[in-house]
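J.: Model the structure of this input:
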Amino acid sequence: MEFEASSVLLYLAVFLIAAKAGGALSSKLGQPEVFGELIAGILIGPSVAGAITQGLLGFSLCVDPDAPAGQFMALLGELGIIILMFIAGLSIEVEEFRRSGRPSTIVAASGVAVAFLLGFGAASFFGWTPLEAGFAGGILVATSVGITVRTLMEIRVLHTKVGLTILGAAVIDDVLGIIILSVLSGMAFGSLSFFGIAEILFLMVVFFVVVLVFGFRVVPRLLSYASRFAADEIVLSIAFAIVFLVSAMAEKVRIAAITGAFLVGLITSKSQFADSLREKATTVGYGLLIPLFFVNMGVETNLQALASVGFLAVAFLAIAMFDKIVGCGLGALLSGFSVKDSLRVGVGMMPRAEVALIMASIGLKAAVVGQSLLSMTVMVVLLTSLVTPLLVKLAFKGAEKEA
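T.: Purely as a prediction, here's the structure:
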């Protein structure tokens, strides 16, 4: 891949300006920054800027994802999403999983099962292959913890029984989403035969056991040892090196690189440097690399591709709106919640963001799915991000508030 440095620098400037302008405007409107970053990418990409300039000027003037500089931005975005998953792991204490409790587990499992089956069934009904349908179902499984928590905090219900159940379930089904993502990724780059799947699952088990068993024993000690040397930000550099090394190992055994990054973050959360690393990784990630991934997803979105999907796009959006309400609400009912509180749990579990986009991008990278699924995924993220705050406020009207 040959490219001019000036083109890359120009694209980098455009991406960052678009990301922060979109994020700031989105935040001002009460929406997550990822919403604005996706919209900004769509606006500067072929779907909007390209189409408008083609019609007015006779030639396309936009960010071209197929140009060498555009491909380089996609690569930087991949690094950004690896750092994002590292930060996500750092933000979760291992004990948090143990304290999630029975209701959160039931809610998460029920929501994941219903969402995956509905997405898989709808895509299969319209003639998609099992693997394509698997990605369609997988995209719908993981709730966006950030969007959910932010909304619950704004209306002061996060630390109520319902709010804590939503938070615990969101954490659990995010992990389940990563596991499903790893399986689908392995199948996409491997084989659909029985032995192929058995090999993938075996390698996954070995990878998780090795990384977790050795990681919790070695990584904190390694970071502590590295901190003794007088080199600028040596702990951060070593932590990133471990993230990239384990991510590379994950790719080698057909597991998504982001899974390795998440595990390293989870392991590192037990070290004395967790808070410092999270703060510094957040600065590096959100200041430069992470927004590139979401802007690039918008740039690569082909809105015209939705026209070729037809009714499936409508069905997919409808499923994304109601699968969590049904699945997680059912789990809440089984856990002893009232009908109203079960509805609140379901609505709170509705939004999707990072994991859905990551899964769509991996499916596209593996040539398993086309632009249509990526476009539908972006529409799901945009729609659920937009309507969740309003629906949560309506659902929690008259509910118990935290002190």
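
J.: ok, so what distance separates the closest residue to V339 other than its chain neighbours from R344?
T.: Leaving out its chain neighbours, the residue that sits closest to V339 by Cβ to Cβ, 6 or more residues apart in numbering is L333, at 7.2 Å. Every residue, glycine included, has its C-beta placed from N, CA and C. In this view, L333 and R344 are 12 Å apart by Cβ to Cβ, to the nearest Å.

J.: Which one of those two is surrounded by more residues?
T.: Each of L333 and R344 has its neighbours counted (other Cβ atoms under 10 Å); R344 has more, 30 against 19.

J.: Now for the residue lying closest to the more buried one once chain neighbours are set aside, how many residues are close by?
T.: Of all residues not flanking R344 in the chain, A395 sits nearest, at 4.7 Å (Cβ to Cβ, 6+ apart). A395 has 22 neighbours, counted by other Cβ under 10 Å.

J.: What does A395 show for phi and psi?
T.: Main-chain torsions, A395, degrees, to the nearest 10: phi -70, psi -40.

J.: ok, it to D341 distance?
T.: Taken as Cβ to Cβ, the span from A395 to D341 is 10 Å.

J.: the strands in the stretch 251-400 of the chain, which residues?
T.: For the stretch 251-400 of the chain, no strands are identified by DSSP state E, counting those that start in this stretch.

J.: low pLDDT regions in it?
T.: Scanning the stretch 251-400 of the chain for pLDDT under 70 picks out 254, 305-310, 354, 399.

J.: ok, F59 touching G50?
T.: No - using Cβ atoms under 8 Å, F59 makes no contact with G50, being 9.6 Å away.

J.: the more surrounded of the two?
T.: For the pair F59 and G50, the greater number of neighbours falls to G50 (18 against 8), based on other Cβ under 10 Å.

J.: Would you mind measuring from that one to T301?
T.: Counting by Cβ to Cβ, the gap from G50 to T301 is 12 Å.

J.: residues contacting the nearest residue to F311 once chain neighbours are set aside?
T.: Using Cβ to Cβ, 6+ apart and skipping the chain neighbours, the partner closest in space to F311 is F126 (7.9 Å). By Cβ atoms under 8 Å, 6 or more residues apart in numbering, the residues touching F126 are F311, L312, A315.

J.: same check, this time on A320
T.: L140, R352, V380, L383, T384.

J.: tell me the phi and psi of the first one?
T.: Listed backbone geometry of L140 is phi -90, psi 0, with angles given as degrees, to the nearest 10.

J.: List the residues that contact it.
T.: A115, F116, L118, G119, I319, A320, D323, R352, A356, V380 are the contacts of L140 under Cβ under 8 Å, 6+ apart.

J.: Among the residues you listed, which lie within helices?
T.: Mapping the contacts of L140 onto helices (DSSP state H) picks out A115, F116, L118, G119, I319, A320, D323, A356, V380.
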